[in-house]
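this is a predicted model, with the sequence first.
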Amino acid sequence: MPVISHPCLFTNFTQQAYRYGIALSCIGVLLNWLGVAQAYIEPVRYLGVGLVIIGSFLIIAAMCRWMFLTPQPSAVHEVLYSILVSSVAF
């Protein structure tokens, strides 16, 4: 029997990839700054650069995944309805 994947699983995956990418980039920037500030722990700087690169790849992958996800009709109708209701309220 074929397995049909639910689109919410993809959005959850992209949210996790984005969050991990942001976290790795922040940690990498901190380690890079620490490696530049202290000359005797120079290898930490390279670890920081590596984490920034990995984090940016995760962020790019999450954004590419978001671009190619097809929106669900019910979600589109909910957004359009909320815009309509908010514009009528004013």
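Looks like it came in fine.

list the buried residues for stretch 16-31?
Neighbour-count burial for stretch 16-31, with 16 or more other CB atoms under 10 Å as criterion, is recorded at 17-18, 21, 24-25, 28, 31. The way it works is simple: take the backbone N, C-alpha and C, and place the C-beta from them, glycine included.

what's downstream of the helix ranked longest in the chain, the next helix or strand?
Determined from DSSP state H, the single longest helix within the chain is helix 7-37. Note on helix 7-37: by DSSP states H and E, the next helix or strand toward the C-terminus is helix 42-68.

tell me the buried residues in that next one?
Neighbour-count burial for helix 42-68, counted by 16+ other CB under 10 Å, picks out 44-45, 47-48, 51-52, 55, 58-59, 62, 65.

just checking, what packs against that helix?
Contacts defined by 3 or more CB pairs under 8 Å, 6 or more residues apart in numbering; DSSP states H and E place helix 42-68 against helix 7-37.

elements contacting the helix it packs on?
helix 42-68.

the helix it packs on vs helix 7-37, what angle?
On the basis of axes from the mean of the first three to the mean of the last three CA atoms, to 10 degrees, helix 42-68 is oriented at 160 degrees to helix 7-37.

quick one: average pLDDT of helix 42-68?
The pLDDT scores in helix 42-68 average 87.

could you do stretch 23-35 as well?
For stretch 23-35, the per-residue pLDDT averages 89.

alpha carbons of that stretch, as CSV, please.
The C-alpha coordinates for stretch 23-35 follow below in CSV (Å, rounded to 0.1, in the frame of the first residue of the first chain):
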residue,chain,number,x,y,z
ALA,A,23,20.8,28.1,16.1
LEU,A,24,23.9,26.7,14.4
SER,A,25,24.6,30.0,12.8
CYS,A,26,24.3,31.9,16.1
ILE,A,27,26.6,29.4,17.9
GLY,A,28,29.0,29.5,14.9
VAL,A,29,29.2,33.3,15.1
LEU,A,30,29.8,33.2,18.8
LEU,A,31,32.6,30.6,18.4
ASN,A,32,34.1,32.6,15.5
TRP,A,33,34.1,35.7,17.6
LEU,A,34,35.7,33.8,20.4
GLY,A,35,38.4,32.4,18.1
